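1. here are the coordinates; sequence isn't available:
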């Protein structure tokens, strides 16, 4: 029987926007945290926060394998899409997962592995509710790459006994609130791509879901998929209209701060259920709707700047 010791050990592969948040919350709980990131600025911030070691480099190559040991660790693969179009997407997600799976298998297997995928793989329409049992054949070529990456993890028990995919909805939070940028335009322009349901999740709720899934061994026993979204899918057009009205009340409409918008591609129109994550793990979002999630972001925009 493996002795995991008193202090849990977490390895974050791809410690960017989501990964840094998870690392920070884990450190606050007294966990030992290591990380892999390609970004030098993120590496410096992680080291300053107490993450050790921090390894720099792309996940898809194998040079980092000897610097981190997966044995007995909780491993989070939350790489971003990278750069370079479709090929960059393939390198980060599919080749990255192949590299990570090979590393974990050769190292004797991790305690558990979580991969943050995307609800973009669901292509259903007509506003229907979608669960993990529904087919995931949406997202075009990028969706296909994500599903291949998911399968690489789910089909290989040598990586870890517990292997879980968290399909994340649209991520927003401090420093990442794209809808607020659009809503700040003096005139709100909507098109057909805006009249679809948004399935969102705030950054802090992602981090809480990841740590909850790791710590609760009684949830998913081996391998499977979980949707991580908030409780209230809402039409994007309704959210934009409400934010625009609120920003107008606050006197914060400003065309100069918002880049010109290119028309969005048509998006699938479905409402995604988080019931399984709740049922298996007792997880509840701190921000159950976009109204909760944007409240303090609006307050921060309205707060006067501190004197220098």
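-> In hand now; what should we look at? Please read these numbers as outputs of a predicted model, since none were measured by experiment. Numbers count the residues shown, from 1 in each chain.
2. can you tell me how far residue 92 sits from residue 34?
-> In this structure, residue 92 and residue 34 are 20 Å apart, going by CB to CB, to the nearest Å. In this view, the C-beta of every residue, glycine as well, is placed from N, C-alpha and C.
3. next one: residue 248
-> Between residue 248 and residue 34 the computed distance is 47 Å (CB to CB).
4. what are the ranges of the helices in the stretch 201-308 of the chain?
-> Residue ranges of the helices in the stretch 201-308 of the chain, as given by DSSP state H, counting those that start in this stretch, are 203-215, 236-249, 275-281, 290-302.
5. So for residue 248 and residue 34, which sits in the more crowded spot?
-> More neighbours sit around residue 34 than around the other of residue 248 and residue 34, counting by other CB atoms under 10 Å; the figures are 22 against 14.
6. that's a strand at that one, yeah?
-> Yes. The assignment for residue 34, made by DSSP: H, G, I helix; E, B strand; the rest coil, places it in a strand.
7. Checking the residue lying closest to it once chain neighbours are set aside next. Helix, strand or coil?
-> Of all residues not flanking residue 34 in the chain, residue 11 sits nearest, at 4.9 Å (CB to CB, 6 or more residues apart in numbering). When the structure is split into helix, strand and coil by three-state DSSP, residue 11 lands in strand.
8. Isn't residue 11 up against residue 37?
-> No. When contacts are counted by CB atoms under 8 Å, residue 11 is not listed as touching residue 37 (11.6 Å).
9. which residues of the stretch 1-150 of the chain score low on pLDDT?
-> 1-6 (pLDDT under 70).
10. what's the answer for the stretch 151-300 of the chain, then?
-> Along the stretch 151-300 of the chain, the parts satisfying pLDDT under 70 run over 257-265.
11. now the strands for it?
-> Per DSSP state E, counting those that start in this stretch, the stretch 151-300 of the chain has strands spanning 160-168, 170-172, 197-198, 200-202, 223-228, 234-235, 270-272. These are given in chain order.
12. What helices and strands are in contact with the third one?
-> With contacts defined as 3 or more CB pairs under 8 Å, 6 or more residues apart in numbering; DSSP states H and E, the secondary structure elements packing on strand 197-198 are strand 234-235, helix 236-249.
13. which parts of the longest one are buried?
-> Right, helix 236-249. Residues of helix 236-249 classed as buried under the neighbour-count rule (16 or more other CB atoms under 10 Å) are 236-237, 239-240, 242-244, 246-247.
14. Which stretch among the strands of the stretch 151-300 of the chain is buried most, on average?
-> Of the strands of the stretch 151-300 of the chain, the one with the most neighbours on average (mean count of other CB atoms under 10 Å) is strand 200-202, at a mean of 26.
15. how near is residue 58 to residue 92?
-> Between residue 58 and residue 92 the distance is 8 Å, computed by CB to CB.
16. Over to residue 117?
-> Using CB to CB, residue 117 is found at 12 Å from residue 92.
17. With residue 149 instead?
-> When residue 149 is compared with residue 92 (using CB to CB), they lie 9 Å apart.
18. Mind checking which of these two has more residues around it?
-> More neighbours sit around residue 149 than around the other of residue 149 and residue 92, counting by other CB under 10 Å; the figures are 26 against 23.
19. close enough to count as contact, that one and residue 99?
-> No. Counting by CB under 8 Å, residue 99 is not a contact partner of residue 149; they are 10.9 Å apart.
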